[in-house]
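K.L.:
sharing a sequence plus its predicted fold:
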Amino acid sequence: MSDSKSTNQFSEKQKEKDVRSSNIVAARAVADAVRTSLGPKGMDKMISSPTGEVIISNDGATILQHLEVKHPAARMLVDLSKAQDVEAGDGTTSVVVLAGALLGAVSSLMYRGIHPTSITEGFQIALHKALEVLSSIAVPLDLADRESLLKSATTALNSKVVSQYSTIIAPIAVDAVLSVIDPRTATNVNLKDIKVIKKLGGTIDDTELVHGLVFDQHVSHAAGGPSRIQNAKIGLIQFCLSAPKTYMENNVIISDYTQMDRILREERALILNMCKKIQKTGCNVLLIQKSILRDAVNDLSLHFLAKMKIMVVKDIERDDIEYITKTLNCVPIASIDSFVAEKLGKADLAEEVSTSDGKIVKITGIPSQGKTVSIITRGSNKLVIDEAERSIHDALCVVRSIVKKKHLIAGGGAPEIEMSLQLNAYSKTLSGVEQYIVKAYAEALEVIPYTLAENAGLHPIAIVTELRNRHAQGEKTAGINVRKGTITNILEENVLQPLLVSTSALTLATETVTMLLKIDDIVATR
């Protein structure tokens, strides 16, 4: 009884110190969970959901998203990796590991009796200086330099399950991004302009980039319509080619056969009239949006359209409408009365292509195509395809990060050690507790090279000490070469990453840690 009473008192009003230490322990536990999956030699995690679905991944954001985290402070780290995924798309594991290391530094500083507010201020000073150091070692890049873009996309893919296919995926990602932007003026990339379609069967080698439209839906063969049309004129309709329906539920009672006959005749005439209007505009490919209120098409309309040699693709999702109109330069048509030739899109070829897992519809040769592309991802099973899709997304995000901030830095733990060294030197120019705090921040940054070495099966202390020594001698691009197990000039190994990934990771990790520091009480509400 006394036990439960003391527990209640504890949960109602936890002491500041205990709350902070419990927050730090919970958040560090999350960081330790993903730490082993950092870097090219990092391990993968297998996640099994209650429904029996299995996911294999080493993308930090994906792993944390599927973890069931109860502690509110630990949940902040899950949100942190999600924020990094949105901002930069890569470095989702690094940002969590970094936050874990900073929290470790915080607990040792608090143990020495330094006040959390002082730590917060010190960390802000350290962050500001660290970002300056990063900018000073970054190399500016021109988007016309395809080779450097490829190197950074390959670096991002090196740590993925599908890393052996990086020579196929990296060029696809780079070409896809360059196709949807104007390299001279672009400052951001809308990834919605790049549509990724997953198809089972084949291997990742069969993944391809299509300059045109690709639909997962197949052509409607209900009435034997065409499945290949050259010189296609494409109409995208948002109305239904079926008998009208009242908005409210009601019944029509028919007493004799002549009335029944009349209803059928009227319906037939109505649908035939609609199909004739469509044919009159010269439209020969019809894309029909999915309808939830009634059938978007019925057998009768499909029969008429097939007779008129019009190819029909139905069940187009509402979310895809914007993408289709942008690609085809057509206008979605909301009613049959506004179906005019000016609203149609044109293409050289629209055809149904068979794959080992069903069929897809490809529309290619679109004159003055909007800045969009499609990527068809192939793989031998669902796990591989899902991971390939996530890897493509990461590679696309890395190229997007370069478009946002046109600078590259070395990878392999080189920037972290350089920041750590320069912050250490900078801390000696400060006085008071700030000196301790900046020094602790500098030491925490070493967690990235340390973990890289540890995951690669190397001796972390020896490697990090040697790395520090090489940087002290002025080799700013010396990093850990996990393939050879030594320290080399990482630029020669083509290990590059966008500046945005590192600056975003540092800023977000420091913000999360300072926010956790400011929490001194947890109040549970009913």
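P.N.:
Looks like it came in fine. Residues are numbered from 1 along each chain as shown.
K.L.:
all the strands of the stretch 301-450 of the chain, residue numbers only.
P.N.:
With DSSP state E, counting those that start in this stretch, the ranges of strands along the stretch 301-450 of the chain come out as 311-316, 345-354, 359-364, 373-379, 407-410.
K.L.:
for those, give me CSV that also has distance to residue 96.
P.N.:
All C-beta spots, glycine's among them, are computed from the backbone N, C-alpha and C. Putting the strands of the stretch 301-450 of the chain into CSV (distance: least, Cβ to Cβ, whole Å) gives the following:
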stretch, distance to residue 96
strand 311-316, 39
strand 345-354, 42
strand 359-364, 37
strand 373-379, 27
strand 407-410, 20
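K.L.:
relative to residue 481, which of those strands is closest?
P.N.:
Residue 481 sits nearest to strand 407-410 of all those, at 11.4 Å, using Cβ to Cβ.
K.L.:
circling back to that earlier point, between the strands of the stretch 301-450 of the chain, which one is closest to residue 108.
P.N.:
When those are compared by Cβ to Cβ, strand 407-410 sits nearest residue 108, at 28.6 Å.
K.L.:
looking at the strands of the stretch 301-450 of the chain, which is closest to residue 220?
P.N.:
In terms of Cβ to Cβ, the element of these nearest to residue 220 is strand 311-316, at 4.4 Å.
K.L.:
helices and strands around the closest one, which ones?
P.N.:
strand 228-237, strand 285-289, helix 299-307 (3 or more Cβ pairs under 8 Å, 6 or more residues apart in numbering; DSSP states H and E).
K.L.:
shouldn't residue 19 be in contact with residue 517?
P.N.:
No - with contact defined as Cβ atoms under 8 Å, residue 19 does not count as touching residue 517 (11.0 Å).
K.L.:
highest average neighbour count across the helices and strands packed on strand 311-316?
P.N.:
Mean neighbour counts were taken over the helices and strands packed on strand 311-316 using mean count of other Cβ atoms under 10 Å, and the top value, a mean of 24, falls to strand 285-289.
K.L.:
surely residue 46 is in contact with residue 53?
P.N.:
No - assessed by Cβ under 8 Å, residue 46 is found out of contact with residue 53, at 11.3 Å.
K.L.:
am I right that residue 225 is in contact with residue 305?
P.N.:
Yes - if you go by Cβ under 8 Å, residue 225 and residue 305 touch, sitting 6.1 Å apart.
K.L.:
need the residues touching each of the two.
P.N.:
Taking Cβ atoms under 8 Å, 6 or more residues apart in numbering as the contact criterion, the common neighbours of residue 225 and residue 305 are residue 312.
K.L.:
picking up where we left off before, among the helices and strands packed on strand 311-316, which is nearest residue 343?
P.N.:
Between those, strand 228-237 lies closest to residue 343; by Cβ to Cβ that is 7.1 Å.
K.L.:
can you name the element that comes right after the closest one?
P.N.:
Using DSSP states H and E, the helix or strand that follows strand 228-237 in sequence is helix 257-280.
K.L.:
and that next one with strand 285-289, angle?
P.N.:
Going by axes from the mean of the first three to the mean of the last three Cα atoms, to 10 degrees, helix 257-280 is angled at 120 degrees with respect to strand 285-289.
K.L.:
avg pLDDT for helix 257-280?
P.N.:
Mean pLDDT, helix 257-280: 86.
K.L.:
apart from its neighbours in sequence, what residue is nearest residue 468?
P.N.:
residue 417 (6.0 Å; Cβ to Cβ, 6 or more residues apart in numbering).
K.L.:
wait, residue 456 touches residue 484, no?
P.N.:
No - counting by Cβ under 8 Å, residue 456 does not reach residue 484; the two are 10.0 Å apart.
K.L.:
and the two? which has more neighbours close in?
P.N.:
It is residue 456, of residue 456 and residue 484, that has more neighbours when counted by other Cβ atoms under 10 Å, with 18 against 9.
K.L.:
let me know the pLDDT of the residue most central in space within the chain.
P.N.:
In the chain, the centroid-proximal residue (Cα atoms, centre = their mean) is residue 393; its distance is 4.7 Å. Note on residue 393: pLDDT of 88.
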